[in-house]
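> Compute the structure for the input listed below.
(3 chains)
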Amino acid sequence: NGRSVKLASNDGSFEFKPGGRVQVDYAHYDADKQQLGDGTAIRRARLSAEGKVFRVWDYKVEYEFSSSNASDSAARGIRDAYLRYTGFAPLTITVGNFKEPFSFEQVSSDSALTFLERSLIDVFAPSRHIGAAVQTSGANWSLAGGVFGERPEDDAAAEGDEGYDVTARGTWAPFWDTGRVLHLGAAVRRLDPDDSTNELRWRARPESNITDVRLVDTGVLTGTDHVDSYGLEAAGEWGPWSVQSEYIGTKVNRKSTSDVDLNGWYVLTSWFITGESRPYKASEGVFDRVTPLGIVGQGGIGAWELALRLSNLDLNDGPLVGGEQRNLTVGLNWHLTPNVKLQANYIKVLDLDRPGNAADGDEPSAYTVRAQVDF
Amino acid sequence: NGRSVKLASNDGSFEFKPGGRVQVDYAHYDADKQQLGDGTAIRRARLSAEGKVFRVWDYKVEYEFSSSNASDSAARGIRDAYLRYTGFAPLTITVGNFKEPFSFEQVSSDSALTFLERSLIDVFAPSRHIGAAVQTSGANWSLAGGVFGERPEDDAAAEGDEGYDVTARGTWAPFWDTGRVLHLGAAVRRLDPDDSTNELRWRARPESNITDVRLVDTGVLTGTDHVDSYGLEAAGEWGPWSVQSEYIGTKVNRKSTSDVDLNGWYVLTSWFITGESRPYKASEGVFDRVTPLGIVGQGGIGAWELALRLSNLDLNDGPLVGGEQRNLTVGLNWHLTPNVKLQANYIKVLDLDRPGNAADGDEPSAYTVRAQVDF
Amino acid sequence: NGRSVKLASNDGSFEFKPGGRVQVDYAHYDADKQQLGDGTAIRRARLSAEGKVFRVWDYKVEYEFSSSNASDSAARGIRDAYLRYTGFAPLTITVGNFKEPFSFEQVSSDSALTFLERSLIDVFAPSRHIGAAVQTSGANWSLAGGVFGERPEDDAAAEGDEGYDVTARGTWAPFWDTGRVLHLGAAVRRLDPDDSTNELRWRARPESNITDVRLVDTGVLTGTDHVDSYGLEAAGEWGPWSVQSEYIGTKVNRKSTSDVDLNGWYVLTSWFITGESRPYKASEGVFDRVTPLGIVGQGGIGAWELALRLSNLDLNDGPLVGGEQRNLTVGLNWHLTPNVKLQANYIKVLDLDRPGNAADGDEPSAYTVRAQVDF
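The predicted model follows:
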């Protein structure tokens, strides 16, 4: 497909595909109350190998080499690492480390995102954990569910039993044609934390990953019994214009103190000046990467995309004052080829409500750019 | 061979082969005296590149991405990384990081093991270190010897001279035909520890790698002058039925305190319900991976294997009370294809003799499962 | 080219090339005043993927797996990770993590070096950082310049703005023919350190990387405002005989204390007993790897090279006594194939002038060997 290398046996029973991606970022911050720290980062640098053996066995190993943020212990680590049985297609069974079926934005590949970073509500999305899942799909719907443990890099010092997640997500596209999509989705998650700590924490960077500052942060919540989350998704596409929105609510059930309700949402809209549409994959219920009508290097000018996002994260509930943050992001994407992209985002913290904390009312803005290639 | 990708030049002077493996584990423990910590892990996630240049030069680079256990500093690290000259074949010369010729079980590839983990006596096997070795073999024998330094991830803070190993192993198969093998082997090892520390330690998990608990542990032995080990191996195969056994004795020569004698052994037996045999490689004196008679995905049901192992590790000697542990393991393997395998092990600590220590008499059991693919 | 694997589409618009390298080292030290610590190391173990998409877009991802020295926080980390636009060839634009254009020796690939390690003055060369650069070249000249931030593994705990580098290098070959080259070059660098620390440090191992001992070390210099460096290069080649020399001067501008001037130089000469010449790449202004006239494995004896280097690093200036070190290195290289090399170096510290420090007058010598393969 002009994008990547694939080696296959003559009968198609065996395939091998090496791949990778590089994302180079720079951010400049207009700080308000505290320094955020301008700078550069290799946001992602991955190599992967995936393939198929004996027709019905898929595998993938992917590693993230980037470790730009000292506070992310698993920044450098295993990403996809799984074995999948496709003998009951369209039903598939997957075992290993891979993304849990929860959150429209999270299950979309980072290389297909409209903005540099996922929105504030990504704090509620579990992303990849070690587990087992079943997926199936029809012409315009998808369904997936699984049970998951910890991340490959996690290991509690104390030897209590590991925590686990149970997640499920379903999507449905009442209309679906090229450049004309209505997408609806819902997901649920039950999280039972690690026995030895029972500790959980939610915190978020201001939709820019160069800084290590989190304006909102619940701190460590001890004595959590379990956490229930649910997500609602809706998206629509009319030719070059699309909208996408998502809401996630999270209820933390605590053993001796009162329960806590957290939530967040975002709405984004995108418009292709050059007329492209975001391709929809109904089998997974996600948008995929954009292929420009004219490719730079083959006489074209690439795809130009304007985008706007409003996002809100509320980590305040009763005595817990993690903070409520509302951001506006303006984005300009230049898709030079299907796999080369330049992006610029302006992110403005519209409101930060965290009474009693030094970050209360801290409303900085960020200018961020990215160059990306995946192969 | 239906397993992996290999690119070769027309005259065969040049080859390149990318590869990798993923092992996904789950363990549930019936704890006795102390918590062991149920959970999941990516046990191994490796990518490798190997090849041949100018006919007589082989190379390999292999990296382990998994780092599930906080207490293993070298869990994530370089595995095979070597250059080999094959111009004097069958004699070969290897320089780099690779497995020392010591212990039948250790020199066998982990993807060809009968159980999820090697037995308790693997604590005495040096595995991979940086060094140089010479190997040669005949129709039914093999001989290898080398000198080795530290692991690629090791680096003593103090700048004493690095420790070194001298190891040698010979194997002989008096009978050898497909499905009919008698294997005998012996190996010796002299270890001279790092000058700056002179410290050594032997400890073992209960043949399950999810937990970080070691029931037997000598603690750090200071003032070691050198260590001598020897190993004896025997194995036999009659069609679908095989037995394999190994003994390793280790004598720690200490400078001012009395010497310490440690030892261990295991006996295992395996039976293929579906009639396969474990393939023997006389040139290395090891068993290789099993190819099922009927492959799942090509109409077959795979190979089904039942196995049993008894192992014993004795780290008690005079005043040193590291503990003596005896384990029984029952295993069921389902080889779906030559490179996809599901495994289940039940491990029971039969006896734990460590007088005066909290772990004395701690006799837990473990239920462990694994999904594995290598390519 | 008999060296590496390259997959290309029929029209040449797409390419993919996996690669890697392994270097295995051993060093024995004749210590003088302090222990240096004999030992082994995997000096480099890298895997990489590079390629071309849509004719004008080049990319590369390269990772270093080796982490043999505890004191190098970025030893294991991302190396090349970039996206390059070649649509204005010979002018190219590169974004990502790659080598800054500064220092003849540093911009040369480590697999093409005459000795095991770069000379003492490499302490002044920035090597790879995240940034953007423009390069262009003619038949016998090259010009490159760029702006760079931190290393991919760096992340200051405090959130001041990241430091940055501006570097430029030009080279010119007044004569240039196969085996007959006169090379001249010059480079400049302005370094503005990280806002949160303003700290810089220069220190060097004795041109051998097994030890962690640095005989010369400025310690941490606080309150640096900016640093200006410049480099001058000259090299000549007459058939099998070549000379190469470089000088780098560095001026540290400090905020409240007096400025500091540091500098270093080396001169090396190499002679191929077997008659080869070092190949020159005018488009980058560097020497490349040697191809032996007769390849071992194809009936040849490889290329045999004798080399000598004198190097000097002066970290003394006024009240700052980082030390001045002068080394002599004798080298013997055996290039068995274009990508397999054995090397032996004898390094003698001729003079160590660091009044008042324990290292003053410490003049050890080192015997070092390496086996190397790249593919």
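> how near is the closest residue to chain B within the stretch 201-350 of chain A to A:Ala132?
Nearest residue of the stretch 201-350 of chain A to chain B (CB to the nearest CB) works out as A:His226 at 16.5 Å. Placement of C-beta: from N, CA and C, glycine included. Going from A:His226 to A:Ala132 by CB to CB, to the nearest Å gives 20 Å.
> Also A:Asp360?
In terms of CB to CB, A:Asp360 sits 43 Å off from A:Ala132.
> So between those two, which is more surrounded?
A count of neighbours by other CB atoms under 10 Å in any protein chain shown puts A:Ala132 above the other of A:Asp360 and A:Ala132, at 18 against 14.
> on that earlier part again, what sits against the residue of the stretch 201-350 of chain A closest to chain B?
A:190-193, A:253 (CB atoms under 8 Å, 6 or more residues apart in numbering or on different chains).
> Mind doing that once more with 6 Å?
A:192, A:253 (CB atoms under 6 Å, 6 or more residues apart in numbering or on different chains).
> What pairs with the helix or strand where it lies, parallel or antiparallel?
Assessed by DSSP states H and E, A:His226 sits inside strand A:224-238. Using DSSP bridges, strand A:224-238 pairs in its sheet with strand A:180-192 (antiparallel), strand A:241-254 (antiparallel).
> ok, which residues in the stretch 201-350 of chain A are in contact with chain C?
Residues of the stretch 201-350 of chain A lying close to chain C by CB under 6 Å from any CB of the partner chain are A:213, A:295, A:297, A:337, A:340.
> Tell me the most packed of those, by neighbour count.
Per-residue neighbour counts (other CB under 10 Å) across these peak at A:Val340, which has 25 neighbours.
> Let me see the contact set for it.
Counted by CB under 6 Å, 6+ apart, A:Val340 has contacts A:373, C:57.
> can you tell me the helix or strand for A:Leu310?
Under the criterion of DSSP H and E, A:Leu310 resides in strand A:303-317.
> Next secondary structure after that strand?
Counting by DSSP H and E, the next helix or strand C-terminal to strand A:303-317 is strand A:320-337.
> For that next one, name the packing helices and strands.
strand A:216-217, strand A:303-317, strand A:340-353 (3 or more CB pairs under 6 Å, 6 or more residues apart in numbering or on different chains; DSSP states H and E).
> Relative to C:Leu113, which of those strands is closest?
Proximity to C:Leu113, assessed across the helices and strands packed on strand A:320-337 by CB to CB, is greatest for strand A:340-353 (33.2 Å).
> just for chain A, where's the confidence low?
A:1-4, A:68-74, A:156-158 (pLDDT under 70).
> How about the contacts made by the residue in the stretch 251-375 of chain A that chain C sits nearest to?
Residue of the stretch 251-375 of chain A nearest chain C, by CB to the nearest CB: A:Gly297 (3.9 Å). Neighbouring residues of A:Gly297 by CB under 6 Å, 6+ apart: C:54-56.
> want to try CSV for the helices and strands packed on strand A:320-337, with distance to B:Pro18 as columns?
Converted to CSV, the helices and strands packed on strand A:320-337 look like this (distance: least, CB to CB, whole Å):
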stretch, distance to B:Pro18
strand A:216-217, 42
strand A:303-317, 33
strand A:340-353, 24
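> so which of those strands is the most packed in?
Of all the helices and strands packed on strand A:320-337, strand A:216-217 carries the top mean neighbour count, a mean of 22, counting by mean count of other CB atoms under 10 Å in any protein chain shown.
> before we move on, back to that, mind exporting the strand holding A:His226 as PDB, just the C-alpha atoms?
What follows is strand A:224-238, C-alpha atoms only, in PDB (Å, rounded to 0.1, in the frame of the first residue of the first chain):
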ATOM      1  CA  THR A 224     -10.000   1.900  46.800                       C
ATOM      2  CA  ASP A 225     -12.100  -1.200  46.600                       C
ATOM      3  CA  HIS A 226     -12.900  -1.000  42.900                       C
ATOM      4  CA  VAL A 227     -13.600   1.500  40.100                       C
ATOM      5  CA  ASP A 228     -16.400   1.500  37.600                       C
ATOM      6  CA  SER A 229     -16.200   3.600  34.400                       C
ATOM      7  CA  TYR A 230     -18.400   3.900  31.400                       C
ATOM      8  CA  GLY A 231     -17.900   5.800  28.100                       C
ATOM      9  CA  LEU A 232     -20.200   7.100  25.400                       C
ATOM     10  CA  GLU A 233     -19.100   8.000  21.900                       C
ATOM     11  CA  ALA A 234     -20.600   9.700  18.900                       C
ATOM     12  CA  ALA A 235     -19.100  10.800  15.600                       C
ATOM     13  CA  GLY A 236     -20.300  12.000  12.300                       C
ATOM     14  CA  GLU A 237     -18.600  12.700   8.900                       C
ATOM     15  CA  TRP A 238     -19.900  14.600   5.900                       C
END
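> Tell me the buried residues in that strand?
The neighbour-count check on strand A:224-238 (16 or more other CB atoms under 10 Å in any protein chain shown) flags A:224, A:226-227, A:229-231, A:233-237 as buried.
> now do stretch A:352-366
A:352-354, A:357, A:359, A:362-366.
> The residue nearest to A:Gly223 when sequence neighbours are not counted: neighbour count?
Leaving aside its sequence neighbours, A:Gly223 sits nearest to A:Lys255 (CB to CB, 6 or more residues apart in numbering or on different chains; 4.4 Å). Neighbours of A:Lys255 under the rule other CB under 10 Å: 10.
> Same check on A:Val290?
Here the number of neighbours of A:Val290 (other CB under 10 Å) works out to 22.
> got the contact list for it?
A:276, A:303, A:335.
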